[in-house]
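J.: Provided below for reference: sequence and predicted model.
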There are 2 protein chains.
Amino acid sequence: MTTLSNTFAALGDPTRFAIVERLLQDGELPAGTLHSVSDLSAPAMSRHLKVLRSAGVVRQRVDKQRRLYSIDPNAMQAINDWAMSYPKFWAKSLDRLDAALKEDR
Amino acid sequence: MTTLSNTFAALGDPTRFAIVERLLQDGELPAGTLHSVSDLSAPAMSRHLKVLRSAGVVRQRVDKQRRLYSIDPNAMQAINDWAMSYPKFWAKSLDRLDAALKEDR
DNA sequence: TCTTTAATTCCACTTTTCGTTAATTAATGC
DNA sequence: GCATTAATTAACGAAAAGTGGAATTAAAGA
């Protein structure tokens, strides 16, 4: 079972957090692309992706000899649900969400 | 400066995550209460609180010889903002928020 | 089949984190 | 002033995480 604390631990490493932001921006990307942009070795990148995968933050899809990675929406959902689960802290969130929605119009 | 990755790192430890949940439930609590409930030594608890503090997750207030800890709402806000910042992942969140608000009526 | 490409696992090493006990700081109350 | 309470910092050892290079697996393509 993947706990939320586990999810946070995965996101707690700056390298992995950067990977996640990249995937949120660009959608699905192969491991190779992710590693070629950073100054990490391929093995290091591979291990980070493994951590993210076993924490349920990213998903892996196999296409020929490539591994395509993308964000698992459930993880984002879980974080959101948790951060929103204490009524005390809702008010501001609702205001901001509202503002963001208006901008989008 | 406190980065979000830093915040996640603080929450990534199961002990610290438990502390945060406790504070979200009960509001402000002294260090002593937090440590007496856990099976950790006082110094260990103190260091966890320090990590949470320097990550901006909790606040410390001094009252006589006690240190009272509470959640810093800005941290929850920051997590929320981040998890909500990618339009792709909004739809479900809005549904859930809506449902939660109805329940509250 | 043989070479190339993509990615992972294995191994040795270093750094960081976490926990305990002991010592320290600081405020309270007799 | 002196003992007590609350919490932190100091010192040290054990465990975990993170890294690069080498070896390995697996598919592609000439």
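T.: Yep, that arrived.
J.: quickly find the element holding the most centrally placed residue in chain A.
T.: With distances taken as Cα atoms, centre = their mean, the residue of chain A nearest its centroid is residue A:20 (4.0 Å). For residue A:20, the host element (DSSP states H and E) is helix A:14-26.
J.: what helices or strands is that helix leaning on?
T.: helix A:4-11, helix A:31-37, helix A:42-54, strand A:58-63, strand A:66-71, helix B:4-11 (3 or more Cβ pairs under 8 Å, 6 or more residues apart in numbering or on different chains; DSSP states H and E). Using the backbone N, CA and C atoms, a C-beta is placed for each residue, glycine as well.
J.: tell me the buried residues in it?
T.: For helix A:14-26, the neighbour count (16 or more other Cβ atoms under 10 Å in any protein chain shown) marks A:16, A:17, A:19, A:20, A:21, A:22, A:23, A:24 as buried.
J.: just the pLDDT for the third one.
T.: According to the model's per-residue confidence, residue A:19 sits at a pLDDT of 97.
J.: before we move on, back to that, the helices and strands packed on helix A:14-26: lowest mean pLDDT?
T.: helix A:31-37 has the lowest average pLDDT among the helices and strands packed on helix A:14-26, namely a mean of 93.
J.: thinking again about what came up before, adding distance to residue B:4, write the buried residues of helix A:14-26 out as TSV.
T.: Below are the buried residues of helix A:14-26 laid out as TSV (distance: Cβ to Cβ, whole Å):
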residue	distance to residue B:4
A:16	12
A:17	7
A:19	14
A:20	11
A:21	10
A:22	15
A:23	15
A:24	12
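J.: will you turn the helices and strands packed on helix A:14-26 into TSV that also has mean neighbour count and distance to residue B:41?
T.: Formatted as TSV, these follow (neighbours: other Cβ atoms under 10 Å in any protein chain shown; distance: least, Cβ to Cβ, whole Å):
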stretch	mean neighbour count	distance to residue B:41
helix A:4-11	22	21
helix A:31-37	16	41
helix A:42-54	16	29
strand A:58-63	14	37
strand A:66-71	18	39
helix B:4-11	22	20
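J.: between these, which one is nearest to DNA strand D?
T.: helix A:42-54 (3.4 Å; Cβ to the nearest atom of the strand).
J.: with just CA atoms, put that closest one into PDB.
T.: Provided in PDB are the C-alpha atoms of helix A:42-54 (Å, rounded to 0.1, in the frame of the first residue of the first chain):
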ATOM      1  CA  ALA A  42      21.100   7.400 -16.800                       C
ATOM      2  CA  PRO A  43      21.300   4.900 -13.800                       C
ATOM      3  CA  ALA A  44      20.600   7.700 -11.300                       C
ATOM      4  CA  MET A  45      17.600   8.900 -13.300                       C
ATOM      5  CA  SER A  46      16.300   5.400 -13.600                       C
ATOM      6  CA  ARG A  47      16.500   4.900  -9.900                       C
ATOM      7  CA  HIS A  48      14.600   8.200  -9.300                       C
ATOM      8  CA  LEU A  49      11.900   7.100 -11.700                       C
ATOM      9  CA  LYS A  50      11.600   3.800  -9.800                       C
ATOM     10  CA  VAL A  51      11.100   5.600  -6.500                       C
ATOM     11  CA  LEU A  52       8.400   7.800  -8.100                       C
ATOM     12  CA  ARG A  53       6.800   4.700  -9.600                       C
ATOM     13  CA  SER A  54       6.600   2.700  -6.400                       C
END
